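1. Based on what follows, work out the 3D shape:
(2 chains)
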Amino acid sequence: MTIPTEDLKLEIKKLIMTTLAIEDVNPDDVDDEKPLFGGDNALTLDSVDAIEIIMAIQRNYGIRIADQNLAREVVRSVNSIAQFITDQRANPTS
Amino acid sequence: MISRNFNHKMAAHCESGTITALLNHGGLQISEPLVFGISSGIFFGYFHKMKAFAFPTFIVRNKPGQMRTNLEKRIGVRFKTYDFKDPFKGQQLLDQLLLKDIPTAAQVDFFYMDYVPSWERVHINVHFLVVTGKADNKYTISDAYFPKMVELDASSLEKGRFAGGNMSPKGFIFHLDKLPAEIDYNKAITKGINKACFYMLSLPIPFIGIKGMRMFARKVVEWPKFARDTEHLSHEIMKINILLEDQGTGGAGFRFIYATFLQQAAELINKPQLKELSGELMKIGDGWREISLFSARIGKNRDLGPEKLKQLSEMISDRADVEERFFKTLSKAIK
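-> The predicted model follows:
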């Protein structure tokens, strides 16, 4: 398993904030591991935001997350999104 | 009495996932997309005014139970089914089957499945899961929407199996009875695709298939007159996203799982055109996902003016156009 780079994690945070038009959060304040949904992260998102992120990942990285069971796991945190993108780049399945 | 060798797997959809799990357990290695496609799971129906629904709604898969019965006809597998009036008898038979180490699928009201966090539980009477064993008055459950095997109190399972209301489960259970000696996949896939194309293109009912999509596109602009207030309308518009994405559809209202079926079918019966059509359906699914996102967004923002609903209507109408072309091509490709 390839470890995601810090650059990719920062890119993901910026992508989330651009997609959701969030301007009042500093990417450095977003915890990589804490849940993005329903937790106490600097970014707290809802289910509509989740679809926005899934589609932004598809647009920016060309990776379609078709199954929502997988989607829930992928968009759990910045780390899980970064790991998914890294894995897909190494071994594309979609 | 716990089935120790039952292999739990998550699935895109509860019914196709449950059927696939029982078949895999019985020794037939078949994928969930193949089960979905052979049983003509893909569908569309729009219900503008029906007694069963308090508000206009739509469905994107065939009727619950049809995946099982269609699969029986097409691959020759047999399931044994039971329903009950008496909850005691319903539990008694289930326990007897589990004593014989027979994993048994049950239809339940999802609301009573208390291994799921309370905020995710809603009343849906047509949720399917596999009961694999029982110990200390708790059942072991393989629920395709859950990442691991779970336990459920006997009383909760009984409440779920005998819940009232529309499409009540009536204790319905089924298990694998007989696997076919061999499967003619060419015939099964051809029949499954032909029937799906018939439902989508030719069924002479104005609210089914492509006709149903067009009716949905025309009628969605009238939804405000059915709503009590903006809150209600926003809830119903956001439900479009739930029906397309969140209720175990495999994404984009089952379009992605059907695309995977076409890809697998292309290899299994050596029809490369099905693989091309699989790619096309994935793109069509992306358009449904855009509708999903658009609905969720305007619902969340309470931005539900006539212009937005017109835009939604046009997006749905566009899906009807591309799906009509798609299913016509698919219908020719499988001949």
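2. What is the neighbour count of residue 80?
-> Here I'm looking at chain A. 18 (other C-beta atoms under 10 Å in any protein chain shown). Yep, even glycine has a C-beta here, placed from its N, CA and C like the rest.
3. my question was about chain B
-> By other C-beta under 10 Å, neighbour count at B:K80 equals 13.
4. buried set for stretch A:51-66?
-> Across stretch A:51-66, burial judged by 16 or more other C-beta atoms under 10 Å in any protein chain shown covers A:51-58, A:61, A:63-66.
5. Also stretch A:87-94?
-> Buried residues in stretch A:87-94 (16+ other C-beta under 10 Å): A:Q88.
6. touching chain B at all, the helix or strand bottoming out on mean pLDDT in chain A?
-> The weakest-scoring helix or strand in chain A, judged by mean pLDDT, DSSP states H and E, is helix A:68-74 (a mean of 82). Yes: among the residues of helix A:68-74, A:Q68, A:N69, A:A71 lie within reach of chain B under C-beta under 8 Å from any C-beta of the partner chain.
7. does the helix or strand that that helix is followed by come close to chain B?
-> Once the chain leaves helix A:68-74, the next helix or strand it forms, by DSSP states H and E, is helix A:78-90. No: figure legend: helix A:78-90 not in contact with chain B (C-beta under 8 Å from any C-beta); closest approach 13.5 Å.
8. State the mean pLDDT of helix A:78-90.
-> What helix A:78-90 shows for mean pLDDT is 94.
9. Now do the contacts for residue 62.
-> With no chain named, the answer covers chain A. Contact analysis of A:G62 by C-beta atoms under 8 Å, 6 or more residues apart in numbering or on different chains lists nothing.
10. wait, chain B
-> Neighbours of B:N62 in contact, by C-beta under 8 Å, 6+ apart: B:S39, B:S40, B:G41, B:I42, B:F43, B:N70, B:Y199.
11. what separates the spatially most central residue of chain A from chain B, distance-wise?
-> For chain A, A:I81 is the residue whose C-alpha lies nearest the centre (C-alpha atoms, centre = their mean; 4.0 Å). Taking C-beta to the nearest C-beta, to the nearest Å as the measure, A:I81 falls 17 Å from chain B.
12. Isn't that residue up against A:A56?
-> No: the pair A:I81 / A:A56 is not scored as a contact, 10.2 Å apart, by C-beta atoms under 8 Å.
13. Show me which residues of chain A sit near chain B.
-> So chain A meets chain B at A:46-48, A:51-52, A:54-55, A:58, A:64-69, A:71 (C-beta under 8 Å from any C-beta).
14. and these, which of them are in helices?
-> Per DSSP state H, helices hold the following members of the residues of chain A next to chain B: A:S47, A:V48, A:I51, A:E52, A:I54, A:M55, A:Q58, A:Q68, A:N69, A:A71.
15. For the helix or strand hosting B:T81, enumerate the helices and strands it packs against.
-> B:T81 is located in strand B:78-82, with elements delineated by DSSP H and E. Contacts defined by 3 or more C-beta pairs under 8 Å, 6 or more residues apart in numbering or on different chains; DSSP states H and E place strand B:78-82 against helix B:66-75, strand B:173-178.
16. of those, which approaches chain A most closely?
-> helix B:66-75 (17.6 Å; C-beta to the nearest C-beta).
17. now what about that closest one, what contacts it?
-> B:15-16, B:19, B:35-36, B:38-41, B:62, B:77-79, B:81, B:174, B:180, B:183, B:187-188, B:191-192, B:195.
18. which residues sit in contact with the closest residue to chain B within chain A?
-> In chain A, the residue that lies nearest chain B is A:A66 (3.8 Å; C-beta to the nearest C-beta). Residues in contact with A:A66 (C-beta under 8 Å, 6+ apart) are A:S94, B:G250, B:G251, B:A252, B:F256, B:I257, B:T260, B:M282, B:G285.
19. Can you check the distance spanned by stretch B:38-57, start to finish?
-> End-to-end span of stretch B:38-57 (C-alpha to C-alpha, to the nearest Å): 26 Å.
20. In that stretch, which residues are buried?
-> Those buried within stretch B:38-57 under the rule 16+ other C-beta under 10 Å are B:38-48, B:55-57.
21. just to revisit the earlier point, just the closest of the residues of chain A next to chain B to B:D95, please.
-> Using C-beta to C-beta, A:N69 is the member of these that lies nearest B:D95, at 30.1 Å.
22. Which residue is the nearest non-sequential neighbour of that closest one?
-> Residue nearest to A:N69 in three dimensions, not counting chain neighbours: B:M10, with 5.1 Å by C-beta to C-beta, 6 or more residues apart in numbering or on different chains.
23. show me what contacts that neighbour?
-> Contacts of B:M10 by C-beta under 8 Å, 6+ apart are A:N69, B:G17, B:A144, B:Y145, B:F146, B:P147.
24. Stretch B:129-140: which residues count as buried?
-> Quick answer for stretch B:129-140 (16+ other C-beta under 10 Å): B:L129, B:V130, B:V131, B:T132, B:G133, B:K134, B:K138, B:Y139, B:T140.
25. circling back to that earlier point, of the contacts of helix B:66-75, buried ones?
-> B:15-16, B:19, B:35-36, B:38-41, B:62, B:77, B:79, B:174, B:183, B:188, B:191-192, B:195.
26. Among those residues, which are located in strands?
-> If you go by DSSP state E, those have B:F79, B:F174 in strands.
27. mind checking pLDDT for the residue nearest to B:L201 when sequence neighbours are not counted?
-> With sequence-adjacent residues excluded and distances taken as C-beta to C-beta, 6+ apart, B:L201 is closest to B:F327, at 5.2 Å. B:F327 carries a pLDDT value of 98.
28. from the buried residues of stretch B:38-57, which two are the most distant?
-> Going by C-beta to C-beta, the pair spanning the buried residues of stretch B:38-57 furthest: B:I38 and B:F55, at 33.2 Å.
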